[in-house]
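Asker: Give the three-dimensional model of this entry:
(3 chains)
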Amino acid sequence: MPVTDPSASHFKEPLLKTPFHERVRALCEVDSYVPWAGYTTVDVFTSVEHEYFAIRNAATLYDLTPMVKYRISGRDAPAYLNRLVTRDIAKLGRDRVAYCVWCNDAGHIIDDGTVFRLGDAQFQLCTAMRQIDWLLASAIGFDVEIEEVTERIAALALQGPTSCAVLKAAGIDGIDGLKPFEIGRFTLGLAPITVSRTGFTGDLGYELWMTPEAAEPVWDALMAAGRARGIRAIGSQALNIARIEAGFISPNVDFVSAEHSLRVGRDRSPLELGLEWLVDFDKGHFTGRRALLAERRRGPRRRLVGLDVAGTKPAHNALVYSSRTGKREIGSVTSAVWSPTCKRNIALAMVDAPYFAMGSTVWVDIYLNRELVWERRMMQAGVVERAFFAPARRRSTPPADF
Amino acid sequence: MSVARAKEHDAIVVGAGHNGLVAACYLARAGLKVLVLERNGYIGGAAVSRRLYRDFTYSNCSYVCSLLRPEIIRTLDLPRFGLQIIPYEGGCTMMRNGDHLAIYDNHDALRREIARHSKRDAEAYDRYSRDVMRQCKFIKPLLMRTPPDPASFRPRDIRELLFLARRFHGLGEERMYDTLRFWTMSAADFLDEYFESEIVKAHFAGSSIIGTALGPRSPGSAYVLLHHYMGDIDDTVGAWGFARGGMGAVSNALGASLQASGGEIRSSAPVAQILVRGGRAAGVMLADGEEIAAPLVLSNLDVRRTFLKTMSAGDLPDEFLRQVRNFKIRGSSGKLNIALDGLPRFPAIPEGSPCTRGDMHVTDTLEMMERAYDDWKDGRWSRAPYIDMLIPSQIDPTMAPYGKHYMSVFVQYCPYELADGAWTDAKRQAFGDTVIDTIARHSPNFKDLILHAEIRTPWDIENEVGLTEGNIFQGELTMDQLLFNRPLPGYAQYRAPVRGVYLCGSSTHPGGGVIGAPGANAARAVLDDLGRAH
Amino acid sequence: MAARGASAKYDCAVIGGGHNGLVCATLLARGGRSVVVLEANRGLGGAAATREFAPGFRVSACAHLLHLMPAALQRELRLDEHGFIAAATQMPTTALVADGAALARGAGDVGGADAAAYARYDAPMRCLAAALAPMLSRVPPRLGTHRWSDLVPLLQLGWRVRRLGTRDMRELLRIVGMNVYDLLEENFESVELKGALGLDAVLGTNFGPRSPGTVLTLLHRLAGQSTVGAAGLSQPKGGMGGLCDALARAAGAAGVVIRTSAPVARIEVDRDRASGVLLEDGERIAARTVISSADPRTTFLRLLGTGHLDAGFARRVANFRSRGLAAKLHLALDRAPDFTGLKPERAVGRLLIAPSLRYIEQAYNHAKYGEYSRAPVMEITVPSINDAGLAPAGRHVLSAVVQYAPYSLQGGWEQERARFADLAIDTLARYAPGLRGTIIASELLSPLDIEREFHITGGHWHHGDLAFDQFWMVRPVPGAAQYRTPLDGLFLCGAGCHPGGGVIGAAGRNAAHQVLHEAA
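Answerer: Below you'll find the predicted structure:
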């Protein structure tokens, strides 16, 4: 009788460890982990506050390995991706990255992610959630090969104002010439690495892609080079503050994937999420195009906007109302945080038409636990653009040296 | 028959199965004096815990719990009367090549497990669960409602039809089509739209044939699959669990709840006849000739047994009887209850895996399942049967003495009538041996551990529990016998053609399984007719 | 005809010159459109053609009986003016059973104890079928649109069902989801009669009599038959190709340009609309509307390409079940076959080999596992008895639909074709003992051959299984069930659409109405 596959013992340890696990475990002082896409990842290393300020003030390392990665290649790869995502991939040059969303037939978002063009018909797609079922359904009729390579590529996000300086100090020549959304190939020590000037913080930053074997040496080299430049490892909580400040959306937080929703009416379109700039109606057909055209004619019913909320207490899980009386519900807050950099109480909220117009005033209810007594506060909030923090340094090339 | 006695009861429930008890509980709580009459010396019908061998407790018919409606559990306060439901910890299918597919609670472990067989299926599983859950969300609110009669113009029926239409329409175009297709597809075609791996399909197809005279390739089997998903434990949809102390715990809790509400139960009191006088229910006559009067009689027996064996043909319209005779209630399932001297080893399962603490199977392809069905069609038990095997004593310490184990083995398919003549002891033993050999192929020490085995064919189930032809659902769950067609078109609202006679068993909407909804819905129909609040 | 290479422009281009394509083209042309029909093969008719399988012996390639094409449609097309002649009408059906007895099947033919049962069964079934029949000639409604044009047909159907009366309505709602096995068991004693009646429910389907949904397929067939009027079961003169010749003449008379040997390589799209077709030889034909009678997979996956479709829709098309399971056996005989016990006046008709429901179910069992039936069921005609022109003088052709012969056969059809043909002939010879010695030539068309010859993916006669989940509002797939496709200007008109295949012509007609309505 054949012996059972030894890999079948995952019930003992359902979560995988990334190639950086030994390094991050050594630094994770508060033992705070969260599962992400099947991996154990750090939620907090030492203090959310200090980790956050390192993003905005110095340099940070974030283990990005669990990001789901697919290699897409084959004769039809460009046509395939163009039919998959709403942006025009034909316009994406070699060694460039594009932030994209993709939709189902109804024009509702399945997920967002980044497309890396590595060659004429060679792409890498990075997503927060696993997508193979939809990617293969989309491949019907295309000569394309799709392979999940998550476990084969270790990834790190190096983000913050001194991140370029850290890379230079680590010996990566020419990194300062890398423009936003550009990909470069370098060696760090003996390890070949691919660097893209991308990130989830809205700040200057890079993402580094390497083999699992290179993971620890690269980590060590960056930590050594960054010591004098304030580098520290960060967890998901600190990153989350930065991404809300940048106005970036997160799946299962700001929208639910149309591939997972159970209830009618919970799916969201790119137009509702304020991502029309990602939708190219003139590039030819893509999945959801006809539905989105119809929605554009109709006008979106709701929209994800930024809220500038009075007071200092984040409007977590708050409902949004049209007036202080709270009689008419017009939406709900999806993400909320006190922004330590903007010194404002910010939130992302899905708000019904017509209340989502920029500059209009809405109200949110905030529940406060004050020494075990709950109080409800109706707070005024202004509808604003979502990017609460967008420093010029995120785009400038070459970046400032430190 | 004393006249005094005749005034004692407002309603008699024939049969103390779980649905009969649920109906009785609701009536008693509404203030009626209710008497439940049970043929056997114990209550529960097919939801029983029995000690047939030393200190082992067998859930010797139904064996797991999920579908029992939470609103019934709550209203009847069953936990206070001793009902505890403990969820499974996993499940698995052992393969002929020595490998296995395990089902784990932990989503990541499950994904990696399915990915061993197909990476694609591991992710398609999410879409599959989503679509099944969507269907569950659609169907659940219908369970505790009386189906409308589409041929009627009464306001209640029109209202109910509109309710259905509105709910359906509320799904939106895409999901309306999905629902239409789902309700009519075969499980095999349905699963083909998600999965590529045979083992994955075979594992999930199991629920589509349990208790069913259909194969996984028969249209309509996808619905049966859903029927097994629409329960929940503590809000986890589709979860299954063990009733602590065996399935009799459900019936005992119901019995206790009934008595606490003032209801009365008489066991060893077989009803021979439902009495009709002046065109309406008058009570019942027991097998020993005793007559018990009551203006309302609810039958927990299946529709065939109620009308063909417990009522006289003269009291019923001919056309109705013709319909009753055409009711499809073929038995297709057998059951083994086995006392084990220890825990069997399953070499295919990794050491320490919790997947044996749930349902275990050995059918690793749809073809094997379909061929098992072909055997049944030809009037013999499956030579390679589908089995749903559990060892509840791993989780519930009350089921077997310490260190020993109770194994429940549900077997699909086993016919009520064999092509080569009636069931005999030798044939029953041969059937049991087929099942035991099937298990032993995956467990080298299994046979040595067997202390006692109770073998039950559909014929035995009919004789002991009273289910016609041993059909565990009191009638097949096919499109022609669901919703307003269940049990019979025109009689889907729990009322028999004789005033005062009601059906409250699984023959009625929403059908079989330990759901309790038929009983609750029937009680509501009774109370409606009495003009009472419920 | 348009000269090759020249770029022609039409209002409508119809892909495929089968019966549905021709019906659709004719009605479009009569509606004032300029229409071209593009047929890949040298001859017209698609699977409804007549083929010469041995010198001098001709036979209908697939369907060999005309029994579903509505009389109203035949009149609308004025087929008799265009040379359509029936070689035989009102053909009787006879079930061949063991021991040389032949069982007459049909109203008035059934004798003995079953006669009364037959009357009790047959009349209500016809009545239910007739209530459903108007559905066949209508565009199926679309759900969730809030449009009256979609709501009205639903209400009409509901009303027609309601008007059956409480009893029949309830019966319809019960049996429609049932299997034919149970329905016949409820009604009849005779094993042979049940077999003979059961076959109609599973001919051309991927089901056995015990499969739920087979009453639906039976009602669907009866509904179709209720529209044919007095002709009943009939045989076109010259085979099914005779019908298509008449259709082609009708099309020609209406001004349709017909081009054969003109295989379409691609449907062309310009600014979100179908704009014409590209032929395999590189010629472009511009058209404002393209109507495809090809099967849905061919149309969407091969000719259009999924790049113009949403991924979810493409997945539904890919999941459309279209694997054929019926083969066709053609025999050239040096004399008329002699079926034991068959009266000569019944030899002109349809003969069935389906001696019991169990026999059919067992034949089906094999198909589930990719095997052909060891004892197949058959629908047989000897068309040369009614139409001497199909064979050289004094000789005959035998035409038989043989089931089950799954498309995806274990071992492959190239290996197994001859063996299966042999088995089919053996089965025939059981009922006509001298048959083997009279065979001059034979041909077996497996589903694979049908796929190759007639360009039907999977070689399915109906382009796709006729089952609840591929029926009416969801045929072939949600979003394309109203003959319109997600791509503007592209329509379907083949058997893959409602109401399916079997030489009905309704799909072609309904599609033409939809196109004309759309543009109006």
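
Asker: ok, now how distant is the residue in the stretch 151-300 of chain A that chain C sits nearest to from C:R142?
Answerer: Nearest residue of the stretch 151-300 of chain A to chain C: A:T287, at 4.4 Å (Cβ to the nearest Cβ). C-beta coordinates here come from the backbone N, C-alpha and C atoms, glycine included. Separation of A:T287 from C:R142 (Cβ to Cβ, to the nearest Å): 20 Å.

Asker: residues touching the residue of chain B found nearest chain C, list them.
Answerer: For chain B and chain C, the shortest gap (Cβ to the nearest Cβ) falls at B:M479, measuring 2.7 Å. Contact analysis of B:M479 by Cβ atoms under 8 Å, 6 or more residues apart in numbering or on different chains lists B:W183, B:T184, B:G220, B:Y223, B:N485, C:V176, C:G177, C:M178, C:P212.

Asker: who's in contact with the closest residue to B:M230 other than its chain neighbours?
Answerer: Closest residue to B:M230 apart from its sequence neighbours, by Cβ to Cβ, 6 or more residues apart in numbering or on different chains: B:C136 at 4.9 Å. B:C136 sits next to B:L226, B:Y229, B:M230, B:V237, B:G238 when contact means Cβ under 8 Å, 6+ apart.

Asker: B:C136: which element?
Answerer: Using DSSP states H and E, B:C136 sits in helix B:119-143.

Asker: Check C:A246 too.
Answerer: Short version: C:A246 belongs to helix C:240-253, going by DSSP H and E.

Asker: Over that helix, what's the mean pLDDT, rounded is fine.
Answerer: Averaged across helix C:240-253, pLDDT comes to 97.

Asker: Name the residues of that helix that come out as buried.
Answerer: Neighbour counts using 16 or more other Cβ atoms under 10 Å in any protein chain shown place C:240-252 of helix C:240-253 among the buried residues.

Asker: Of those residues, which is the nearest to chain B?
Answerer: Minimum distance to chain B across those is 30.1 Å, recorded for C:M240 (Cβ to the nearest Cβ).

Asker: residues contacting the closest one?
Answerer: C:G45, C:A48, C:A49, C:T50, C:S60, C:A61, C:C62, C:A63, C:H64, C:L66, C:V503.

Asker: what's the spacing between it and C:F84?
Answerer: 11 Å.

Asker: so C:G434 touches C:D338, yeah?
Answerer: Yes: between C:G434 and C:D338 there is a contact under Cβ atoms under 8 Å: 5.9 Å.

Asker: who touches both of these two?
Answerer: Counting by Cβ under 8 Å, 6+ apart, C:G434 and C:D338 have no common neighbour.

Asker: Nearest residue to B:P70 in space, please, no chain neighbours.
Answerer: B:D232 (7.0 Å).

Asker: Quick check: beta-bridge partners of that neighbour?
Answerer: B:V237 (DSSP bridges).

Asker: and the residue in the stretch 1-150 of chain C that chain B sits nearest to, which of the three is it?
Answerer: Nearest residue of the stretch 1-150 of chain C to chain B (Cβ to the nearest Cβ) works out as C:G144 at 3.4 Å. State at C:G144, reduced to three classes by DSSP: H, G, I helix; E, B strand; the rest coil: coil.

Asker: wait, what's in contact with C:A88?
Answerer: With contacts defined as Cβ under 8 Å, 6+ apart, C:A88 is in contact with C:S234, C:Q235, C:V348, C:N386, C:D387.

Asker: Now that the second one has come up, it's in contact with C:P383, right?
Answerer: Yes: counting by Cβ under 8 Å, a contact exists between C:Q235 and C:P383, whose distance comes to 5.8 Å.

Asker: shared neighbours, these two?
Answerer: C:H64, C:A87.

Asker: gap between B:L275 and A:T41?
Answerer: For B:L275 relative to A:T41 (Cβ to Cβ), the value is 72 Å.

Asker: how many neighbours does C:V152 have?
Answerer: Neighbours of C:V152 under the rule other Cβ atoms under 10 Å in any protein chain shown: 12.

Asker: got the contact list for it?
Answerer: Contacts of C:V152 (Cβ under 8 Å, 6+ apart): C:P141.

Asker: quick revisit: looking at it, the residue nearest to B:P70 is touching B:G238, isn't it?
Answerer: Yes: between B:D232 and B:G238 there is a contact at 6.8 Å, judged by Cβ under 8 Å.

Asker: what touches both of those two?
Answerer: Counting by Cβ under 8 Å, 6+ apart, the residues touching both B:D232 and B:G238 are B:S66.

Asker: so which residue of the stretch 351-500 of chain C comes closest to chain B?
Answerer: For the stretch 351-500 of chain C, the residue closest to chain B is C:F468, as judged by Cβ to the nearest Cβ, at 3.3 Å.

Asker: Dump the contacts of B:C136 into TSV; add neighbour count and pLDDT as well.
Answerer: Output for those, formatted as TSV (neighbours: other Cβ atoms under 10 Å in any protein chain shown; pLDDT from 0 to 100):
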residue	neighbour count	pLDDT
B:L226	22	90
B:Y229	21	88
B:M230	24	85
B:V237	17	82
B:G238	17	82
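
Asker: quick one: the helices in chain A?
Answerer: A:21-27, A:48-57, A:77-84, A:132-138, A:163-169, A:215-226, A:236-246, A:289-298 (DSSP state H).

Asker: Can you check which of those gets nearest to A:V34?
Answerer: Nearest to A:V34 among these is helix A:236-246 (5.9 Å), distances taken as Cβ to Cβ.

Asker: Show the average pLDDT along the closest one.
Answerer: 98.

Asker: And stretch B:398-409, how far out from the chain middle?
Answerer: 22 Å (Cα atoms, centre = their mean, to the nearest Å).

Asker: what distance separates the start and the end of that stretch?
Answerer: One end of stretch B:398-409 sits 18 Å from the other (Cα to Cα, to the nearest Å).

Asker: in that stretch, what counts as buried?
Answerer: For stretch B:398-409, by 16+ other Cβ under 10 Å, it's B:M399, B:A400, B:K404, B:H405, B:Y406, B:M407, B:S408, B:V409.

Asker: go on, stretch A:254-271?
Answerer: In stretch A:254-271, counting by 16+ other Cβ under 10 Å, buried: A:254-261, A:267-271.

Asker: Spatially nearest residue to the residue of chain A found nearest chain C (excluding sequence neighbours)?
Answerer: Proximity to chain C, evaluated over chain A using Cβ to the nearest Cβ, is greatest for A:G141 at 3.2 Å. Nearest in space to A:G141, with sequence neighbours left out and distances taken as Cβ to Cβ, 6+ apart, is C:T306 at 3.2 Å.

Asker: C:A512 too?
Answerer: Nearest non-adjacent residue to C:A512, counting by Cβ to Cβ, 6+ apart: C:L27, 3.7 Å away.

Asker: could you say what helices and strands the strand or helix carrying that neighbour packs with?
Answerer: Here C:L27, judged by DSSP H and E, is contained in helix C:19-30. For helix C:19-30, the packing partners by 3 or more Cβ pairs under 8 Å, 6 or more residues apart in numbering or on different chains; DSSP states H and E come out as strand C:8-15, strand C:35-38, helix C:71-77, helix C:240-253, strand C:284-292, helix C:506-519.

Asker: roughly how far apart are B:A533 and C:V277?
Answerer: 69 Å.

Asker: Tell me which of those two has more neighbours.
Answerer: A count of neighbours by other Cβ under 10 Å puts C:V277 above the other of B:A533 and C:V277, at 25 against 8.

Asker: Show me the beta-bridge partners of that one.
Answerer: Going by DSSP bridges, C:V277 forms beta bridges with C:I267, C:I285.

Asker: B:K335 touches B:M407, doesn't it?
Answerer: No: B:K335 lies out of contact with B:M407 (Cβ under 8 Å); the separation is 11.1 Å.
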